[in-house]
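Colleague: Any chance you can model this:
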Amino acid sequence: MPRSNTLNFFQIENGLRHARESCKDSGSGELLRQLDEAAFVLEQASARADSAYLAWREAIRLRLLAAKRLGLRFDGIRAELAELDVPAQPRGRVSYWQPELLLDAVQRLCEQVQALPSSENLVDSEDSIQWNKALESGAEELRAALRHEERCVEDYRRVAPLRRIAFARAQDAVDDFEALTQDEE
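Modeller: I've put the predicted structure just below:
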């Protein structure tokens with residue numbers, strides 16, 4: 001009789017182990033093969049899904065670090081401009097955990113910095129070139145981190161359903177074993 005409640009991973013794992021041990025003792029070869037195969041598929045699917053999930057979490061960490069570095073460069077350049085009495089654009093705080101807004105703000109500041117040497121004699125053209133290089137390299141690093149994170153998310157979304165399928169298959173194998181043992185009693 002199939003279960004009416006939902007089992008967790010450890011219950012299925014323990015059920016598989018118990019069923020496999022019982023089948024080895026009783027010599028049920030076909031059922032043992034089915035249980036072994038279900039256990040192997042579940043183990044492999046879980047390992048792939050866990051690995052993909054950890055890669056995704058690492059990609060998030062790297063994206064946040066890239067955004068934080070860019071945010072610090074962005075704030076530093078705006079502070080240098082403020083010392084020169086140049087109101088930096090955009091005004092206000094830009095959070096590093098909102099990468100799209102940060103990239104937009106960096107683009108606006110780059111445009112302002114590029115126009116400064118021609119419009120005002122307050123900023124040395126070499127300074128504006130260095131600021132632009134720092135902002136553009138930081139923005140490219142953040143864009144690369146965003147692309148990497150998206151690939152990791154796609155990879156996880158591709159392998160996560162395989163674990164769910166393997167879990168269901170393992171649960172069915174345990175249910176079949178329990179149904180057979182109940183019939184024998």
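Colleague: When you work out contacts or count neighbours from here on, use the C-alpha atoms and nothing else.
Modeller: Noted.
Colleague: Tell me which stretches of this structure form helices.
Modeller: 9-26, 29-83, 99-119, 125-184 (DSSP state H).
Colleague: Out of the ones you listed, flag the one nearest residue 89.
Modeller: helix 99-119 (5.5 Å; CA to CA).
Colleague: so how many other residues sit close to residue 148?
Modeller: 18 (other CA atoms under 10 Å).
Colleague: Tell me who's in contact with the residue lying closest to it once chain neighbours are set aside.
Modeller: Once flanking residues are discounted, residue 148 sits nearest to residue 59: 6.6 Å by CA to CA, 6 or more residues apart in numbering. Going by CA atoms under 8 Å, 6 or more residues apart in numbering, residue 59 touches 145, 148-149, 152.
Colleague: Just give me the residue closest to the centre of this structure.
Modeller: Ranked by distance to the mean C-alpha position of the chain (CA atoms, centre = their mean), the top residue is residue 56 at 2.2 Å.
Colleague: correct me, but that one touches residue 157?
Modeller: No: Residue 56 lies out of contact with residue 157 (CA atoms under 8 Å); the separation is 10.3 Å.
Colleague: phi, psi of residue 84?
Modeller: Phi and psi for residue 84, reported as degrees, to the nearest 10, are phi -90, psi 10.
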